[in-house]
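> Return atomic coordinates for the entry below.
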Amino acid sequence: MSTTVVSLSETYVPTFSRYGDNDRLYIGFEDQEGYFWSDLTVNLPGLDLGEREVVIDANSADPALIEACESAGLFTYTGRSVPSGFLRYRVAELSESFYNLAVQEADK
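Just a heads-up that it's a prediction; the model follows:
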C-alpha cells in the first residue's frame, strides 16, 4: 500500500520511523525525489497518547501539507491540545489504514 499527499500541486510521500526515547511513531514527508520536505509529527515524551494518536507539529510543519493530510483522511483531530514550552500542539488520531501502514513501515 502506498500513500501520497498532494499539497499545492506537489506530491509528497510519507516516511515513517519511531522516536528513540518512547517508540512512538514519527511521520514526515519527502518529495518524489526522496528529499525531506516536512515533519508531520512531534514527540512530547511525557504525554499520554492512545494507540493511534500522534501530536501534529503545526508550529513547524508545512501548513498546506497538514491540511492536505487532514483532507485526505489520514488523521482527524481529537479536540485535545497540549502545551509544550510557549507553544500548543494538537493531538490527532490516525485513520486505521494510515496507522497500519505507518506501523508496518516504521517496524521494517
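
> Could you use CA atoms for every contact and neighbour count after this?
OK.

> So, low pLDDT: which residues of the chain?
1-2, 7-8 (pLDDT under 70).

> Which residue ranges of it form helices?
63-71, 96-106 (DSSP state H).

> Could you list every helix and strand in contact with the last one?
Right, the one you point to is helix 96-106. Here helix 96-106 touches strand 10-18, strand 25-31, going by 3 or more Cα pairs under 8 Å, 6 or more residues apart in numbering; DSSP states H and E.

> Walk me through which strands the last one pairs with, and which way each runs.
Pointing back at strand 25-31 there. strand 10-18 (antiparallel), strand 36-39 (antiparallel) (DSSP bridges).

> Of the helices and strands packed on helix 96-106, which is nearest Ser38?
strand 25-31 (5.3 Å; Cα to Cα).

> picking that back up, the helices and strands packed on helix 96-106: which one's closest to Ala102?
strand 10-18 (5.8 Å).

> The closest residue to Gln32 other than its chain neighbours and Phe29, how far apart?
Once flanking residues are discounted, Gln32 sits nearest to Tyr12: 6.1 Å by Cα to Cα, 6 or more residues apart in numbering. Distance of Tyr12 to Phe29, given as Cα to Cα, to the nearest Å: 6 Å.

> just Ala61 next, same as before
Ala61 is 10 Å from Phe29, by Cα to Cα.

> doesn't Gly28 make contact with Ser38?
Yes: with contact defined as Cα atoms under 8 Å, Ser38 and Gly28 form a contacting pair (5.7 Å).

> that older thread, need the helices of the chain in JSON lines with mean neighbour count, can you?
Shown next, in JSON lines, are the helices of the chain (neighbours: other Cα atoms under 10 Å):
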{"stretch": "helix 63-71", "mean neighbour count": "16"}
{"stretch": "helix 96-106", "mean neighbour count": "15"}
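
> which one of these lies closest to Gly50?
Per Cα to Cα, nearest to Gly50 of the helices of the chain: helix 96-106, 11.9 Å.

> Output that closest one as PDB, restricted to C-alpha atoms.
Output of helix 96-106 as PDB, limited to C-alpha atoms (Å, rounded to 0.1, in the frame of the first residue of the first chain):
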ATOM      1  CA  GLU A  96      -6.900   2.900  10.800                       C
ATOM      2  CA  SER A  97      -5.400   2.200   7.400                       C
ATOM      3  CA  PHE A  98      -2.800   5.000   7.700                       C
ATOM      4  CA  TYR A  99      -1.800   3.800  11.200                       C
ATOM      5  CA  ASN A 100      -1.400   0.200   9.900                       C
ATOM      6  CA  LEU A 101       0.800   1.400   7.100                       C
ATOM      7  CA  ALA A 102       2.900   3.600   9.500                       C
ATOM      8  CA  VAL A 103       3.400   0.700  11.900                       C
ATOM      9  CA  GLN A 104       4.300  -1.700   9.100                       C
ATOM     10  CA  GLU A 105       6.800   0.700   7.500                       C
ATOM     11  CA  ALA A 106       8.300   2.000  10.900                       C
END
